[in-house]
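Asks: sharing a model prediction with you, sequence too.
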Amino acid sequence: MSTLDVRHYVAADLPEIRQHILDTHVEVRHRDFELTGPFSDVERFDERLTAYSSRPGWTAVLGFDDGEPAGFCFGTTLAPDTKWWNNMLTPLSEEITTETGKRTVSLNEIVVRKL
C-alpha cells in the first residue's frame, strides 16, 4: 500500500495545479458519474475554478498517489458581504450569519479518483 502525499496550495499556485484539477474533474465527473451536461463541461468548470480562486482566502488541497493526482478539494473563506446564509429554510440570527472574511470556510469542490 502506498502513502498518499497531501499538498496545500493557495491562489498563486493555481497555474501549477490547474491541469491536475481539470483532468481529475473530467475523469471523475464525466467517466465515473457520466455528468456530461453543460454545467460539467471542462471549460465551464475552469471558469468556476478561476472565479473561486480569485476570492480572498482561496485554498486547495491535492492528494498524490505515486506522483499521480488522487483527488482535490478547494474552498474559500466567506466574505463579509456573502449571501451564503440568505436561503436558509429557517432564518438564522445575525450572530450566526455575520461573516468577517475569516470566520467560515466554504468547501466548493471535493473530487476523488477511483484508485
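Replies: All right, it came through fine.

Asks: can you find the helix or strand of the chain with the lowest average pLDDT?
Replies: helix 94-97 (a mean of 91; mean pLDDT, DSSP states H and E).

Asks: contacts for that helix next, please.
Replies: Applying CB atoms under 8 Å, 6 or more residues apart in numbering, the contact partners of helix 94-97 are Trp85. Bear in mind the C-beta positions are built from the backbone N, C-alpha and C, glycine included.

Asks: check the offset of that helix from the chain's centre.
Replies: Put simply, helix 94-97 sits 25 Å off its chain's centre (CA atoms, centre = their mean, to the nearest Å).

Asks: do I have it right that His20 meets Ala70?
Replies: No - applying CB atoms under 8 Å as the test, His20 and Ala70 come out as separate, 10.0 Å apart.

Asks: and the longest strand anywhere in the chain, what's its mean pLDDT?
Replies: For the chain, the longest strand by residue count, based on DSSP state E, is strand 68-77. Taken as a whole, strand 68-77 carries a mean pLDDT of 95.

Asks: list the buried ones in it?
Replies: Pro69, Ala70, Gly71, Phe72, Cys73, Phe74, Gly75, Thr76, Thr77 (16 or more other CB atoms under 10 Å).

Asks: now do the closest residue to Thr59 other than its chain neighbours: how many residues are near it, please.
Replies: Using CB to CB, 6 or more residues apart in numbering and skipping the chain neighbours, the partner closest in space to Thr59 is Val10 (5.7 Å). Per other CB atoms under 10 Å, the neighbour tally for Val10 reads 11.

Asks: which residues in the protein form helices?
Replies: 14-25, 42-53, 94-97 (DSSP state H).

Asks: what's the least confident stretch among these?
Replies: helix 94-97 (a mean of 91).

Asks: which residues touch stretch 15-29?
Replies: By CB under 8 Å, 6+ apart, stretch 15-29 touches 9, 35, 40, 42, 45-46, 49, 60, 62, 69, 71-72, 74, 109, 111-114.

Asks: distance from the chain centre to it, please.
Replies: Worked out by CA atoms, centre = their mean, stretch 15-29 lies 11 Å from the chain centre.

Asks: and for stretch 3-23?
Replies: 11 Å.

Asks: how long is it from one end to the other?
Replies: End-to-end distance for stretch 3-23: 21 Å, by CA to CA, to the nearest Å.
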